[in-house]
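Novice: Structure here, sequence nowhere to be found:
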Ligand SMILES: NC(=O)c1ccc[n+]([C@@H]2O[C@H](COP(=O)([O-])OP(=O)(O)OC[C@H]3O[C@@H](n4cnc5c(N)ncnc54)[C@H](O)[C@@H]3O)[C@@H](O)[C@H]2O)c1
Ligand SMILES: O=C(O)C1=N[C@H](C(=O)O)CCC1
């Protein structure tokens, strides 16, 4: 498979290592100012920055190249990307987190929220910790976790960052040098607490999941999620 990497930073480089080990070719490594012909690739993997993600994805869909998007912080344009993919009969997957472990964690989170829905004595709190270069807060993964709670728990209809509001899932975002990604969901009562945590030791899980998604999407048409790729949920 000939892969275009759109964004050649920490994740682009981690994906390159995994893709080469799995027998793929990297035909485009695009970073700031790179000129390239996207149709040289069978599939594109975008891990860039929030302000350019939608434009990179649009370029792929407008040229018939399936696209896997891992960039976070551009959710306001997600519905436009879905509409463009459907209009062009393209193929597109966006995920806030491509690791198998986090996708299992997403399902556990939804189930726990259902169980907690009528137990008012338990107060929920989300925490995410990432490295200090991260541009967006809260993390995309924390937003996905919050949305999983909002859809499955009767007390919430929104999330809020670093504060407290009625009907809002509170998210705390911390930035600590070199942390690849740690997410905690905690329900606390006066008597006890239940805590679920996912901690990434490194970026390998994110990169492997993105390459597996790229292998899976070839030959397909539509907008998919990691649940489709991993056959979970
Ligand atoms: N979905 C996931 O599993 C997952 C995992 C890790 C990171 N991420 C997200 O992926 C993104 C990238 O993360 P990172 O750690 O590699 O960041 P990074 O800062 O190391 O890399 C981003 C790269 O994009 C480049 N870039 C800027 N403008 C560009 C343009 N117009 N075209 C192409 N490249 C451009 C930057 O120069 C940089 O090299 C972030 O949004 C992050 O939140 C998602
Ligand atoms: O390093 C990052 O940036 C990460 N971003 C994703 C997010 O925002 O959830 C996934 C974890 C790593």
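Specialist: Done, it's in. Predicted model only: the values in this text are computed from it and were never measured. Ligands and ions are numbered 1, 2, ... in the order given.

Novice: Please name the residues that touch the residue in the chain positioned nearest to ligand 1.
Specialist: Distance from ligand 1 to each residue of the chain (CB to the nearest ligand atom) is smallest for residue 9, at 1.9 Å. The C-beta positions use only the backbone N, C-alpha and C, and glycine is treated the same way. Neighbour list for residue 9: 31, 47, 48 [criterion: CB atoms under 8 Å, 6 or more residues apart in numbering].

Novice: so the second one makes contact with residue 6?
Specialist: Yes: counting by CB atoms under 8 Å, a contact exists between residue 47 and residue 6, whose distance comes to 7.5 Å.

Novice: doesn't residue 186 fall inside a helix?
Specialist: No: counting by DSSP: H, G, I helix; E, B strand; the rest coil, residue 186 is not part of a helix but strand.

Novice: Of the contacts of residue 9, which are in range of ligand 1?
Specialist: 31, 47, 48 (CB under 6 Å from any ligand atom).

Novice: what number of residues lie near the nearest residue to residue 15 once chain neighbours are set aside?
Specialist: Excluding its sequence neighbours, the residue lying closest to residue 15 (CB to CB, 6 or more residues apart in numbering) is residue 207, at 4.5 Å. Neighbourhood size, residue 207 [other CB atoms under 10 Å]: 25.

Novice: Am I right that residue 207 sits in a helix?
Specialist: Yes: per three-state DSSP, residue 207 lies within a helix segment.

Novice: which SS state does the residue nearest the centre of the chain fall under?
Specialist: By CA atoms, centre = their mean, the chain has its centre lying nearest to residue 96, at 1.0 Å. For residue 96, the secondary-structure state derived from three-state DSSP is coil.

Novice: Contacts only, for it.
Specialist: 72, 139, 140, 141, 143, 144.

Novice: What of residue 195?
Specialist: Residue 195 neighbours (CB under 8 Å, 6+ apart): 184, 185, 186, 187.
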